[in-house]
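Asker: predicted coordinates and the sequence they were generated for:
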Amino acid sequence: MSALLPIVIEALAFRPCGAAVIDGLSATIATPGITAIVGPNGAGKSVTLRLLDGLLVPDGGSIRFGTRQAADVRRAMVFQRPALIRASVHDNVALALAAEGLARREAAARVGAALERVGLARRSREAARRLSGGEQQRLALARALVTEPELILLDEPTANLDPGATDVIEGIVAGLAQAGVKVILVSHNLGQVARLAGDVLVLAGGRAVEHGPARSVLTSPRTPEARAYLNGELPWTRFAAAS
Amino acid sequence: MDPFRRRLLALAAAVLVAIPGAARAQERSITVASTTSTEQSGLFGRLLPAFTKATGIAVRVVAVGTGQALDIGRRGDADVVLVHDKAAEERFVTEGFAARRQDVMYNDFVIVGPKGDPAGAAGADIREALRRIAAARALFVSRGDKSGTHAAELRYWRDAGVDPASGQGAWYREIGQGMGPALNTASVQNAYLLADRGTWLSFKNRGELAILVEGDRRLFNQYGIMLVSPARHPHVKAAEGQAFIDWLVSPAGQGTVAGYTIEGQQLFFPNARAERS
Amino acid sequence: MRMLQALADAFAMIGALDRDVLSIVGLSLRVSLAAVALGCLVGLPAGALLAIARFPGRDAVVAALNALMGLPPVVVGLVIYLLLSRSGILGPLGLLFTPAAMILAQTVLVTPLIAALARGILEDSERELGEQLRSLRLSPWHRARTLLFDARFSLVVAVLAAFGRAVSEVGAVLVVGGNIAGSTRTMTTAISLETQKGDLPLALALGLVLMTLVLAVNLAAGLVRGHAMRAYG
């Protein structure tokens, strides 16, 4: 299999109904491991993630995955809310395999393995929606994992969780990255970014304003927008308007 | 198989079970288009079991107005038509929808009205009664549904030399429904109306209504029966249909008609001619 | 008093398993349930696909579907009558004045109702799950199925509404069924007939039996639904 990296985002634009949400975003993600996307609300982080997933189609620019055709890249996305169906834990994960047309036994084995990785193997017969918030998000992770993706996109996966549940999720995500899965994580939790990310991409006003190793971006941001966001400076909108 | 597909299959199976069950019909059966007066008077409830017992043929009756019954016959949706509007029946034969019509029985019409009889219509003369009702501008309910009874009513008005349309919207009320609804309406409004005796006798919601005019020979109401032409509609069950007609005009059938009574009164008087052509 | 007597009589007939009354109740149930089942087979997938589909003119289709919920039964009955009549296109099937014709007419009545109600319910479900399902790269048909499955407890309401419409409907079944005693006489056409015969207490008593039946079906469905919803969250 040829390389997924570098992921090259070039002059990306997304303008639903004429209003630019992503406006000339360019970035090159070349390192394996976990890339964090940070930035204020409205910067376009979630939209960028959806463009990477293919849920949204850009109005301009391009995303290239190494030498691969975008359609061949096995991707999975985990949303802020786990979006589980009213079925058992097992069936929620199996849903992700539906498109692959596997034999039942093989599908069950893969579902079991995915649930094992998130620590829910013993709960597979329970109703998904009866799980706790943290368990539901772990289940959403298992559903993403079961397709054995090369790229996992996480949209604030711990935003609604308590510190204990967050810690468990972070452990799973770190494990994934170590196992060679490329992870792109949108997060407002800068502590989490520091704990997990190798590199950090800062977005503002629909553009990339800074991209570099997590240590340097988080401790000594070069651009005023990044500095303002990381310092929690308000009002951020002043910079957004200027750019 | 996922649970959804399982459920879908179960649903499909349930439908497949339900439909043949619902659609199954008697092995040998005919469909008779007839009038509300024969059905609602309860005559069929007496006739049909006797016929089915004698021949093993089940009879399915669609009871509507004479006009609609003839239309069902024209479309080929019934095997036999039993109605009471001789002129329309003869037209049905002339048009080729039946080879012939046979007299079966008659009953009689009565004028029913409020017991107090504000128009002074009571008596044995239908023409005089209608003239008095019109003169008094007393409420009169008409079927207005192109049924045999409606046709007869219009004939009586013509004989009486009165045009009821002049009272339209005032005292003359066409409701465009069957005998039962017409009786219900008259009962509520204390109006006069023309009814067949059979339906009247089996009608339960009479209120203040009573029979005021009866016995005029003009009020006799002839029923005729016809086999829908198999030449016109090949699927018509000619043998079974003819068996029903033959039985009805036979002594056995005619006797059953004569034997049907409500409150001790005979409702229908058999008058089929014995010979067959 | 006559009314109470008639009501007592009607329930006594049911209690005594009076064959005529039981066959009428049975036919009503069979025809309505078959029509609702057929309506679900068509209406649920149609409603689900409409809930997830985005295409030009969709609003018009939704409006048209909503309008079809109000199809006048007598008109549907008349059209089916003309189609099934021996002189009509489907005449050779010989279905007029049979329960199958009644099922067909009621299916036409309830399918748009089921589709429209399902569309409304599933659009909420789509808002919650749609993005996730698209991200899983499921086909539109598979997404529709998944939404149907997810919303199955809410969809019970649509199915019950359809059953209520079917079982209480008289115009269409009277025209295409012919109200033939022992063959196509349902609760509603029997009520209509007793009304015409002026036996209002018996008509009303039969009406109460019908309402009791509908109530029982709704209660049973409500219990099952409540239990299932508690189980699946």
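Answerer: Thanks, I have it.
Asker: other SSEs contacting the longest helix seen in chain C?
Answerer: Identified as the longest helix of chain C according to DSSP state H is helix C:99-135. Contact analysis of helix C:99-135 by 3 or more Cβ pairs under 8 Å, 6 or more residues apart in numbering or on different chains; DSSP states H and E lists strand A:75-78, helix B:3-23, helix C:19-52, helix C:58-68, helix C:73-84, helix C:140-150, helix C:152-168, helix C:171-177 as its packing neighbours. From N, CA and C alone the C-beta is placed, and that goes for glycine too.
Asker: same thing but at 7 Å, please
Answerer: Judged by 3 or more Cβ pairs under 7 Å, 6 or more residues apart in numbering or on different chains; DSSP states H and E, helix C:99-135 is in contact with helix B:3-23, helix C:19-52, helix C:58-68, helix C:73-84, helix C:140-150, helix C:152-168, helix C:171-177.
Asker: quick one, what contacts B:Val59?
Answerer: B:29-30, B:32, B:48, B:51-52, B:244 (Cβ atoms under 7 Å, 6 or more residues apart in numbering or on different chains).
Asker: Three-state assignment for it, please.
Answerer: The local conformation at B:Val59, judged by DSSP: H, G, I helix; E, B strand; the rest coil, is strand.
Asker: if I look at it, how far off is B:Ala78?
Answerer: 11 Å (Cβ to Cβ, to the nearest Å).
Asker: which of the helices and strands packed on helix C:99-135 sits most buried?
Answerer: Of all the helices and strands packed on helix C:99-135, helix C:171-177 carries the top mean neighbour count, a mean of 27, counting by mean count of other Cβ atoms under 10 Å in any protein chain shown.
Asker: what about that helix and chain B, touching?
Answerer: No: interface with chain B: helix C:171-177 contributes nothing (Cβ under 7 Å from any Cβ of the partner chain), its closest point being 8.9 Å away.
Asker: average pLDDT for that helix?
Answerer: Averaging pLDDT along helix C:171-177 yields 93.
Asker: ok, and what's touching the helix or strand following it?
Answerer: Sequence-wise, the next helix or strand downstream of helix C:171-177 (DSSP states H and E) is helix C:187-196. Here helix C:187-196 makes contact (Cβ under 7 Å, 6+ apart) with B:40, B:178, B:180-181, C:24-25, C:28, C:168-170, C:173-174, C:177, C:179, C:202-203, C:206-207, C:210.
Asker: chain center to helix C:187-196: distance?
Answerer: How far helix C:187-196 lies from its chain's middle: 19 Å, per Cα atoms, centre = their mean, to the nearest Å.
Asker: next: stretch C:195-203.
Answerer: Using Cα atoms, centre = their mean, the mean C-alpha position of stretch C:195-203 is found 26 Å from that of the whole chain.
Asker: endpoint to endpoint, it covers what distance?
Answerer: 6 Å (Cα to Cα, to the nearest Å).
Asker: let me see the ranges of the strands in chain A.
Answerer: A:7-14, A:22-29, A:34-38, A:60-65, A:75-78, A:151-155, A:182-186, A:199-204, A:207-213 (DSSP state E).
Asker: the third one pairs with which strands, parallel or anti?
Answerer: Think strand A:34-38. Within its sheet, strand A:34-38 is paired with strand A:182-186 (parallel), strand A:199-204 (parallel), according to DSSP bridges.
Asker: C-alpha coordinates for the shortest one, PDB please?
Answerer: What follows is the C-alpha trace of strand A:182-186 in PDB, where atoms were taken according to Å, rounded to 0.1, in the frame of the first residue of the first chain:
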ATOM      1  CA  LYS A 182      -3.100   8.600  11.400                       C
ATOM      2  CA  VAL A 183      -5.300  10.700  13.700                       C
ATOM      3  CA  ILE A 184      -6.600  14.200  13.100                       C
ATOM      4  CA  LEU A 185      -8.200  15.700  16.300                       C
ATOM      5  CA  VAL A 186     -10.200  18.800  16.600                       C
END
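Asker: and the contacts of it?
Answerer: With Cβ under 7 Å, 6+ apart as the test, strand A:182-186 has contacts from A:4-5, A:32, A:34-37, A:45-46, A:49, A:52, A:150-156, A:173, A:176-177, A:196-197.
Asker: do the same with stretch C:175-185
Answerer: For stretch C:175-185, the external contacting residues (Cβ under 7 Å, 6+ apart) are B:60-62, C:23-24, C:27, C:74, C:77-78, C:80-81, C:84, C:96-99, C:101-102, C:105, C:189, C:193.
Asker: OK, contacts around A:Gln53?
Answerer: Just to correct that, residue A:53 is Asp rather than Gln. A:75, A:77, A:153, C:135.
Asker: low-confidence stretches in the chain?
Answerer: Unless you meant another one, I'm taking chain A. In the predicted model, chain A carries pLDDT under 70 at residues A:1-2, A:233-243.
Asker: wait, chain B
Answerer: Along chain B, segments meeting pLDDT under 70 span B:1-27, B:274-277.
Asker: can you show me the helices along it?
Answerer: B:3-23, B:36-40, B:43-55, B:66-74, B:86-94, B:126-136, B:148-160, B:179-189, B:197-202, B:238-249, B:251-258.
Asker: sorry, back to before: out of the helices and strands packed on helix C:99-135, which is closest to A:Gly18?
Answerer: helix C:58-68 (20.7 Å; Cβ to Cβ).
Asker: mind checking how far the closest one is from the chain centre?
Answerer: For helix C:58-68, the distance to the chain centre is 20 Å (Cα atoms, centre = their mean).
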